[in-house]
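Peer 1: Below is the structure, and that's it, no one-letter string:
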Ligand SMILES: C[S@@+](CC[C@H](N)C(=O)[O-])C[C@H]1O[C@@H](n2cnc3c(N)ncnc32)[C@H](O)[C@@H]1O
């Protein structure tokens, strides 16, 4: 009977390849009852087309930038609206300085681009006469982040392209979203695929998991007060105070492949109307 159902689902394209793996593992316990081709993982082939946007053209001119191609459409989508005026941007992770130069060329010429990195050699990529600054310290050090904010902030855009370790992503977000990001600003964390790699997961909850909890904060005005602890396993990473701040200031969360984006904007209580 199950074979028949699977055949019908396949015929109508309703069975996605991941589901049978789960079924085989958890409920059926008889993997041979699932057609072999359906237990294989979905394979994504390498992109053949290059992004068709201005930022990618700027990226292609410098050999010292390290970015995934599919990020460029995501950058354009979330950062494009900041291009027509001078902004302040903070990027965590300088490496060879290529991305700082890329942002400098992409945004308004009077913008200030600040990079931070734990590696002292990155200081060489500062171009102070062009308003590109580098400060050396760890993204896991809230005091250092507060100093950088005091010197250059608050920022319109914060991009975390640093260590990609989950506890660093969480600490930096906690230290920067509230105090260092302007109202109307955008906080982006990239390379979140590392949240699925054991080597990079060094916190009880990954950054992606904490971000999923923040989706709940978007809906805080609708919670029945009696149900505030509806998650039962109360989130460790988000304190009560952080939750209330987030529910008032988080205006949107966007999940892309390997990137999470947070829009910050003081919200008013949602209002609905029937006319
Ligand atoms: C992926 S690279 C940055 C790439 C650069 N943004 C680009 O697009 O070309 C990551 C950088 O994060 C830095 N890093 C590692 N751990 C860090 C930490 N705890 N705090 C700040 N930076 C860190 C590394 O030294 C490295 O230069």
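Peer 2: Nice, thanks for sending it over. Worth saying up front: this structure is predicted, and the values here are computed from it rather than measured.
Peer 1: contacts, neighbours, all on C-alpha from now
Peer 2: OK.
Peer 1: Could you measure from residue 192 over to residue 170?
Peer 2: 12 Å (Cα to Cα, to the nearest Å).
Peer 1: what do the two both touch?
Peer 2: Residues within reach of residue 192 and of residue 170 at once, by Cα atoms under 8 Å, 6 or more residues apart in numbering, are residue 207.
Peer 1: what about residue 128, how many residues close to it?
Peer 2: Residue 128: 12 surrounding residues under other Cα atoms under 10 Å.
Peer 1: Quick one: end-to-end distance for stretch 264-275.
Peer 2: 30 Å.
Peer 1: How about residues contacting that stretch?
Peer 2: Against stretch 264-275 from outside (Cα under 8 Å, 6+ apart): 181-187, 221, 248-252.
Peer 1: Show the buried residues in those residues.
Peer 2: 181-183, 185-187, 248-251 (16 or more other Cα atoms under 10 Å).
Peer 1: which of the contacts of stretch 264-275 lies closest to residue 198?
Peer 2: residue 187 (24.6 Å; Cα to Cα).
Peer 1: Which pLDDT value belongs to that closest one?
Peer 2: pLDDT for residue 187: 98.
Peer 1: hmm, back to that, from the contacts of stretch 264-275, which land in helices?
Peer 2: In helices, judged by DSSP state H, the following of these are found: 248-249.
Peer 1: Now flag whichever of the contacts of stretch 264-275 is closest to the ligand.
Peer 2: Nearest to the ligand among the contacts of stretch 264-275 is residue 187, at 14.6 Å by Cα to the nearest ligand atom.
Peer 1: List the buried residues in stretch 77-87.
Peer 2: Buried-residue list, stretch 77-87, by 16+ other Cα under 10 Å: 78-79, 82, 87.
Peer 1: Next: stretch 117-136.
Peer 2: 117-118, 122-123, 125-126, 131-136.
Peer 1: Kindly report the same for stretch 57-70.
Peer 2: For stretch 57-70, by 16+ other Cα under 10 Å, it's 59, 65, 70.
Peer 1: From these, which land in helices?
Peer 2: residue 59.
Peer 1: And the buried residues of stretch 57-70, which is closest to the ligand?
Peer 2: Distances from the ligand to the buried residues of stretch 57-70, taken as Cα to the nearest ligand atom, are shortest for residue 65 (3.5 Å).
Peer 1: Not counting residues beside it along the chain, what's closest to that closest one?
Peer 2: Leaving aside its sequence neighbours, residue 65 sits nearest to residue 98 (Cα to Cα, 6 or more residues apart in numbering; 4.3 Å).
Peer 1: again with residue 127
Peer 2: Residue nearest to residue 127 in three dimensions, not counting chain neighbours: residue 133, with 6.2 Å by Cα to Cα, 6+ apart.
Peer 1: what's the answer for residue 56, then?
Peer 2: In space, residue 56 is closest to residue 72, 6.1 Å off (Cα to Cα, 6+ apart).
Peer 1: Show the backbone phi and psi for that neighbour.
Peer 2: Backbone torsions of residue 72, given as degrees, to the nearest 10, read phi -70, psi -40.
Peer 1: separation between the nearest residue to residue 250 once chain neighbours are set aside and residue 158?
Peer 2: Nearest residue to residue 250 in three dimensions, chain neighbours excluded: residue 264, at 4.9 Å (Cα to Cα, 6+ apart). The spacing between residue 264 and residue 158, counted by Cα to Cα, is 11 Å.
Peer 1: Redo the contacts of stretch 264-275 as CSV? Include distance to residue 146.
Peer 2: Output for these, formatted as CSV (distance: Cα to Cα, whole Å):
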residue, distance to residue 146
181, 12
182, 14
183, 17
184, 20
185, 17
186, 18
187, 16
221, 30
248, 22
249, 20
250, 21
251, 23
252, 25
